[in-house]
Structures are given as structure tokens and as C-alpha cells.
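Enquirer: Could you look at this predicted model? Sequence included:
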Amino acid sequence: MIRALFLDVDGTIISTRTKKIPESASEAIRKAREAGVKVFLCTSRAKQFLSNLSAIDSDGIVALTGAHCLDPQGRDIGCRPMAAEDTAAALTDVLRRDVPVVAMSPECIFMNHPSSPQVTDFLATGGLTLDDIPGGVRDIPDFLSAEDSVGLAREMDILQITGFFPSGEEDRRFLSLMPSCHTERWNERFVDIVGNGISKAIGMETMAGHFGFPMSATMGIGDGANDIPMIRRAAVGVAMGNAADDVKAAADHVTADVDDDGLAKAVMKYVFGA
């Protein structure tokens with residue numbers, strides 16, 4: 001019996017084409033919760049980037065690829081910052097080279113080029129604009145002139161950095177500066193960097209421990225490469241029909257496309273047996 005659903009957001013709950021939540025997905029989530037199944041959003045987004053999911057009631061959020069877990073009231077359940085030394089080295093480098101990045105802490109969103117086409121496109125991928133971010137954004141502190149850049153990074157408590165560059169050499173450059181981190185790429189235009197050991201699967205385990213349900217009663221649904229750990233860790237792992245081939249290969253089942261009621265079909269089949 002499925003007691004907990006872990007749902008990716010972009011391409012799973014929200015259509016990548018319309019940037020909206022299909023009505024069938026909202027209804028399936030509502031029915032699952034009414035039946036006593038816990039529903040968790042499991043996403044690479046920061047909590048501040050979830051304002052357009054207010055119509056979805058959930059039992060908690062696995063945010064920032066598993067680095068930040070929150071209960072329904074928004075209180076921290078698990079928070080795993082990146083090493084301050086790595087954060088300082090990476091941000092010093094990107095500021096020197098003027099590469100657009102977004103650095104995310106539990107309470108703040110930091111950007112160095114908030115109006116750049118890269119950031120605008122990044123937000124639009126999730127159907128958002130800068131105006132949709134509660135509390136707005138703050139400038140990334142100038143690490144180049146900081147006397148103690150590591151101390152400054154530690155005060156920022158960064159959980160994830162998103163860099164705007166194509167895959168390849170830039171990914172390797174970041175990793176050379178951040179030895180205790182790894183990349184999670186689900187979009188060719190940008191990459192997420194989180195601490196080693198961080199994944200959506202870790203976020204699932206944090207929620208299971210906090211709420212007291214076994215991992216053998218979980219179901220995970222997603223479409224991106226960063227969903228593979230979640231899909232593999234869940235007792236029932238489901239890939240969306242619009243997922244990449246490697247995501248589908250990792251799944252126990254493949255449902256329909258997000259725009260063809262894929263989420264609802266998976267929930268009704270594997271949760272309700274319908």
C-alpha cells in the first residue's frame with residue numbers, strides 16, 4: 001500500500017508546455033490526500049520558487065534537490081548547506097568571470113544578474129517571474145573584496161547554486177572548485193550544484209523518518225535526470241511519458257505525458273488500483 005507520494009514539479013505536476021497544472025493532476029493529488037496518502041513536492045526549486053503551486057496542498061516539501069526539507073507549515077525538517085569553502089571559491093570565480101548564478105539559502109535568494117536573459121528564462125521554465133518570488137532577491141555579496149569570503153559564505157548558508165552555462169567544461173570547472181559538491185543537470189541551459197550525498201532520495205528518507213512511514217510504502221514520480229535517485233529509491237518509481245530515456249530506464253513504470261494526464265493516471269493506477 002502506498003502511504004506517501006513524492007512528486008517532481010516541472011514536467012510532472014506543471015506542464016512544460018503550458019506552465020500550468022493540469023486539472024487532472026490537482027484532482028488526483030486531492031483524492032490521494034483525502035485517502036490518507038501523504039503528498040510531498042520533491043523538486044530542485046527553492047521554497048521561494050513555489051508560489052505558483054499554491055493550489056496544491058501538500059504534507060511537506062523536499063526542496064533544492066533534497067538539501068532543504070520542510071513541513072506543511074514551512075518549518076525546517078532537514079537543512080544541509082554546502083561547504084562554505086566550496087561556496088566561497090565558486091562564487092568568487094563566477095563573480096570574477098561575470099557568469100550569471102543563483103545562490104539559494106533557506107531564507108534568501110541571491111543573484112548577480114537578476115534581469116539577465118538566462119535568469120528570466122530560468123524562471124520562465126517554471127512559469128515564474130522575479131515578481132513571483134516572496135521577499136524578492138538580494139545581490140550576491142562581493143566575495144572578491146571580502147576579507148573573509150569563507151566566513152561570508154558560511155553566514156549565507158547556501159544550499160544550492162544554479163549556474164547558467166551549457167554542460168561540459170563549465171561543469172568540470174565548478175566541480176574542481178567545489179570538491180565536496182556534485183552537479184545535477186536536468187536542463188541543458190543551466191546546472192544545479194549541491195553538496196555530495198544530496199539527492200531527492202535523501203530528502204525522501206528525511207521525510208520518511210520525520211513522519212514515520214517506511215520507504216517500502218513510497219511512490220516517486222518524475223521526468224528529469226535529477227529524479228532518477230528518487231525513482232530508484234521509491235518502492236514504486238514512475239517516469240512521466242515526457243521523461244528522457246535514462247529516466248524511463250530507471251523506473252518501474254512509465255505513465256503518460258504530463259499534458260496527457262500522466263500524473264493522474266499514475267496515481268489512480270498505482271495508488272487506487274483504478
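Expert: Done, it's in. Numbers count the residues shown, from 1 in each chain.
Enquirer: Pretty sure Asp171 sits in a helix.
Expert: Yes. Under DSSP: H, G, I helix; E, B strand; the rest coil, Asp171 sits within a helix.
Enquirer: Who are the contact partners of it?
Expert: By CB atoms under 8 Å, 6 or more residues apart in numbering, the contact list for Asp171 reads 165, 183, 185, 191. Placement of C-beta: from N, CA and C, glycine included.
Enquirer: okay, those in JSON lines with secondary structure and pLDDT next?
Expert: Converted to JSON lines, the contacts of Asp171 look like this (DSSP: H, G, I helix; E, B strand; the rest coil; pLDDT from 0 to 100):
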{"residue": "Phe165", "secondary structure": "coil", "pLDDT": "84"}
{"residue": "Thr183", "secondary structure": "strand", "pLDDT": "90"}
{"residue": "Arg185", "secondary structure": "strand", "pLDDT": "85"}
{"residue": "Val191", "secondary structure": "strand", "pLDDT": "90"}
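Enquirer: Which of the residues you listed lies at the shortest distance from Val150?
Expert: Thr183 (21.6 Å; CB to CB).
Enquirer: how close does His41 get to Lys248?
Expert: Check again: residue 41 is Leu, not His. Distance, Leu41 to Lys248, by CB to CB, to the nearest Å: 22 Å.
Enquirer: Which one's more surrounded, these two?
Expert: Legend: neighbour count by other CB atoms under 10 Å for Leu41 and Lys248, higher for Leu41 (24 against 17).
Enquirer: quick one: the helix ranked longest in the chain to chain centroid distance?
Expert: What stands out as the longest helix in the chain, according to DSSP state H, is helix 84-97. Mean-position distance between helix 84-97 and its chain equals 22 Å (CA atoms, centre = their mean, to the nearest Å).
Enquirer: Would you mind identifying the next helix or strand past it?
Expert: Per DSSP states H and E, the first helix or strand lying C-terminal to helix 84-97 is strand 101-104.
Enquirer: which helices and strands does the next helix or strand after that following strand pack with?
Expert: Using DSSP H and E, the helix or strand that follows strand 101-104 in sequence is strand 109-111. Packing partners of strand 109-111 (3 or more CB pairs under 8 Å, 6 or more residues apart in numbering; DSSP states H and E): strand 101-104, strand 138-139.
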